[in-house]
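Enquirer: mind folding the following:
(one chain, ligands or ions: 1)
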Amino acid sequence: MSGPHPRRRARSPHTRAQPARHVAYETLRAVHESDAYANLLLPRAIGRAGLAPADAALATELAYGTLRKQGTYDAVIAAAAERSVDRIDPAVLDALRLGAHQLLSTRVASHAAVNESVALAREAAGAGGAGFANAVLRRVSRDTPGEWMARLDAQARSDDERLGLRHAHPVWVLRAFRRALAAEGRADELEALLDADNRSPAVTMAALPGLARIPDAAERTAYSPFGFRLGGGDPEPVIAAAAGAVRVQDEGSQLAALALSRCLPVRAGERWLDLCAGPGGKTAVLAAEALAGGASLEANEPVPARAALVRGSVAGVPLDVPVTEEDGRSRATRSPGRYDRVLVDAPCTGLGALRRRPEARWRKQPSDVAALAALQGELLDAALTALAPGGIVAYVTCSPHLAETAAVVADAARAWDGRVQELDARAVLHGAARHPIDLPTPRDGSGRAQLWPHRHGSDAMSITLLRRDP
Ligand SMILES: C[S@@+](CC[C@H](N)C(=O)[O-])C[C@H]1O[C@@H](n2cnc3c(N)ncnc32)[C@H](O)[C@@H]1O
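Expert: This is a model prediction of the structure:
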């Protein structure tokens, strides 16, 4: 194979690759060709292929593992192919990535890793693609993972590029993480964070407070009073038996919703609003808490399909939760002074959830941050407008990037000078949590709470509480 060539579907006399690898490969292709999300696509592809549980687990490991470390595998492939990956047929490149992952990060036997990936390249690009893939993967298999890392280390142009290749993170992302950790005096935790991002998170569940019990056999999570894990068991029967009152939910998301519902005792008759609610995980927690405290809850989500998910998410809570489908900025500003508590779980880069969105780190661009920060600032401002005197906004992002967290809040505090105060979100979480949480005071002295995958086992949620003056 020499340089890029049009994708061909060859009819080959050779055996097709094994089904789990096929499913993993199809997932990589859809992620790269159609901007699909692996976490949505893969379960459907597994179902369509009718994979047995062991094969489903293999397909998941191969697809997620390959996508997570794509940047590092691309550097290896470029070195072995002696050409930039931009000059490799994308369909063959995905077969090479899958092969590199098996050779460098799994115990799959070398010959199987090479042969299966060559079969995929043949199916996608004929004999030329297969020959090229065979040559490149044989070169990759000649050196150990340690030798490849040493070679990439030597090629790196900076310490950060080296760190990025070692831990499979783009340099701009790891620099943003370092700045966010340094803001709480913990820059030395960077490698632990990068490492945590490369591991699949345990499935964490929530038994909605007051509506469901944590199963006796479950292991409780460290912080959320209603979080638990099943220790590898299938969550579906437990979810089905609880009629909507038990769901899969990251512990950080549980804590973010609790930070708003438990920051002050709830007065009966309070009005709450969840402004960016889709798909409704936090809405369900707020609904359970509102029900217990005698408050009412409204939700808003501008994307109709996601608004439908919000309606489904609160179906298990015996509280009427009207869901509007508007831009949150107009939704909040048309109700000035109406709400006692507003959750702004803002659209964000999602850099705090890289564990569960394997392709995200390579898809996001630094330029995404500024556009999102502008929207986040407008949503926060609108939410503050919607507050009744003494009301509270929880501003939450699933990103620790300071431009989406501290900077957005600092801008709002300036714009609302003297009319809002920041509450101590860390103290609120300490009060709500089952065990003490390691939440250092940020160097800017703010009340923001920042959760982390490596420290708390949750997504990296940032939580700020702002109170409008009475
Ligand atoms: C981080 S997600 C919210 C997650 C949700 N709170 C949960 O726990 O399931 C952000 C949501 O904001 C929505 N969104 C995007 N632009 C918006 C806007 N201008 N106003 C309100 N919501 C918006 C997105 O569609 C997305 O569903």
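Enquirer: give the other helices and strands that the lengthiest strand in the chain contacts.
Expert: If you go by DSSP state E, the chain has its longest strand at strand 387-397. Judged by 3 or more Cβ pairs under 8 Å, 6 or more residues apart in numbering; DSSP states H and E, strand 387-397 is in contact with helix 251-261, strand 339-345, helix 366-385, helix 406-415, strand 462-468. C-betas here are computed from N, CA, C, even on glycine.
Enquirer: show residues contacting stretch 362-377.
Expert: By Cβ atoms under 8 Å, 6 or more residues apart in numbering, the residues outside stretch 362-377 that reach it are 35, 67, 70-71, 170, 172-173, 176, 344, 346-351, 395, 397, 401, 403-404, 407-408, 411-412.
Enquirer: and the ligand, which of those reach it?
Expert: Filtering the contacts of stretch 362-377 for neighbours of the ligand using Cβ under 6 Å from any ligand atom leaves Pro347.
Enquirer: what average pLDDT does stretch 218-228 get?
Expert: Mean per-residue pLDDT for stretch 218-228: 97.
Enquirer: what's the longest strand of the chain in contact with?
Expert: 256, 259-260, 263-264, 271, 282, 337-346, 348, 352, 376, 380, 383-384, 404-405, 408-409, 412, 423, 425, 461-470.
Enquirer: for that strand, list every residue counted as buried.
Expert: 387-388, 391-397 (16 or more other Cβ atoms under 10 Å).
Enquirer: just the C-alphas of stretch 221-228, formatted as PDB.
Expert: Extracted in PDB, the C-alpha atoms of stretch 221-228 (Å, rounded to 0.1, in the frame of the first residue of the first chain):
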ATOM      1  CA  THR A 221     -19.900   4.000  48.000                       C
ATOM      2  CA  ALA A 222     -17.700   6.100  50.200                       C
ATOM      3  CA  TYR A 223     -19.500   9.400  50.000                       C
ATOM      4  CA  SER A 224     -23.000   9.500  48.600                       C
ATOM      5  CA  PRO A 225     -25.500   8.400  51.200                       C
ATOM      6  CA  PHE A 226     -27.500   6.600  48.500                       C
ATOM      7  CA  GLY A 227     -24.700   5.300  46.300                       C
ATOM      8  CA  PHE A 228     -23.800   1.600  45.900                       C
END
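Enquirer: return the helix or strand in the protein with minimum mean pLDDT.
Expert: Every helix and strand in the chain was compared by mean pLDDT, DSSP states H and E; the lowest is helix 235-241, with a mean of 91.
Enquirer: after it, which helix or strand is next?
Expert: strand 246-248 (DSSP states H and E).
Enquirer: Trp362 - that's part of a strand, no?
Expert: No. Assigned with DSSP: H, G, I helix; E, B strand; the rest coil, Trp362 falls outside any strand and is helix.
Enquirer: state the distance from it to the ligand.
Expert: Going from Trp362 to the ligand by Cβ to the nearest ligand atom, to the nearest Å gives 20 Å.
Enquirer: again, but for Arg21
Expert: For Arg21, the distance to the ligand - Cβ to the nearest ligand atom - is 33 Å.
Enquirer: need the pLDDT of that residue.
Expert: At Arg21, pLDDT is 95.
Enquirer: same check on Ala277?
Expert: At Ala277, the model reports a pLDDT of 98.
Enquirer: could you list the low-pLDDT ranges of the stretch 201-350 of the chain?
Expert: Scanning the stretch 201-350 of the chain for pLDDT under 70 picks out nothing.
Enquirer: ranges for the helices of it?
Expert: 235-241, 251-261, 281-293, 304-313, 328-333 (DSSP state H, counting those that start in this stretch).
Enquirer: please identify the buried residues of the longest helix seen in the chain?
Expert: The longest helix of the chain (DSSP state H) is helix 110-142. Neighbour counts over helix 110-142 (16+ other Cβ under 10 Å) mark 113-126, 128-130, 132-134, 136-137, 140-141 as buried.
Enquirer: and the spatially most central residue of the chain, what does it touch?
Expert: Nearest to the geometric centre of the chain sits Ala353, at 2.4 Å (Cα atoms, centre = their mean). Applying Cβ under 8 Å, 6+ apart, we find Ala353 in contact with 250, 360, 398, 459-460.
Enquirer: which residues of this protein lie near the ligand?
Expert: Proximity of the chain to the ligand, by Cβ under 6 Å from any ligand atom, involves residues 253, 275-282, 301-303, 306, 327-329, 345, 347, 375, 379, 398.
Enquirer: recalculate using a threshold of 5 Å.
Expert: 276, 278-279, 281-282, 303, 306, 327-328, 345, 347 (Cβ under 5 Å from any ligand atom).
Enquirer: quick one, which of these are buried?
Expert: Judged by 16+ other Cβ under 10 Å, buried ones among those: 276, 278-279, 281-282, 306, 328, 345, 347.
Enquirer: off-centre distance for the strand or helix carrying Ala20?
Expert: Here Ala20, judged by DSSP H and E, is contained in helix 19-34. Chain-centre distance of helix 19-34: 20 Å, with Cα atoms, centre = their mean, to the nearest Å.
Enquirer: that helix vs helix 110-142, what angle?
Expert: 50 degrees (axes from the mean of the first three to the mean of the last three Cα atoms, to 10 degrees).
Enquirer: identify each buried residue in helix 19-34, please.
Expert: 19-32.
Enquirer: what comes up buried for the least confident helix or strand of the chain?
Expert: In helix 235-241, the ones that count as buried by 16+ other Cβ under 10 Å are 238-239.
Enquirer: and stretch 289-303, by the same measure?
Expert: Result for stretch 289-303 [16+ other Cβ under 10 Å]: buried residues 289-291, 293, 295-302.
Enquirer: among those residues, which two are most distant?
Expert: Gly293 and Pro302 (27.6 Å; Cβ to Cβ).
Enquirer: ok, which pair from the residues of the chain next to the ligand is furthest apart?
Expert: Within those (distances taken as Cβ to Cβ), the two that end up farthest apart are Gly281 and Asp327, at 21.0 Å.
Enquirer: sorry, back to before: for the buried residues of strand 387-397, give me TSV that also has pLDDT.
Expert: Converted to TSV, the buried residues of strand 387-397 look like this (pLDDT from 0 to 100):
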residue	pLDDT
Leu387	98
Ala388	98
Gly391	98
Ile392	98
Val393	98
Ala394	99
Tyr395	99
Val396	99
Thr397	98
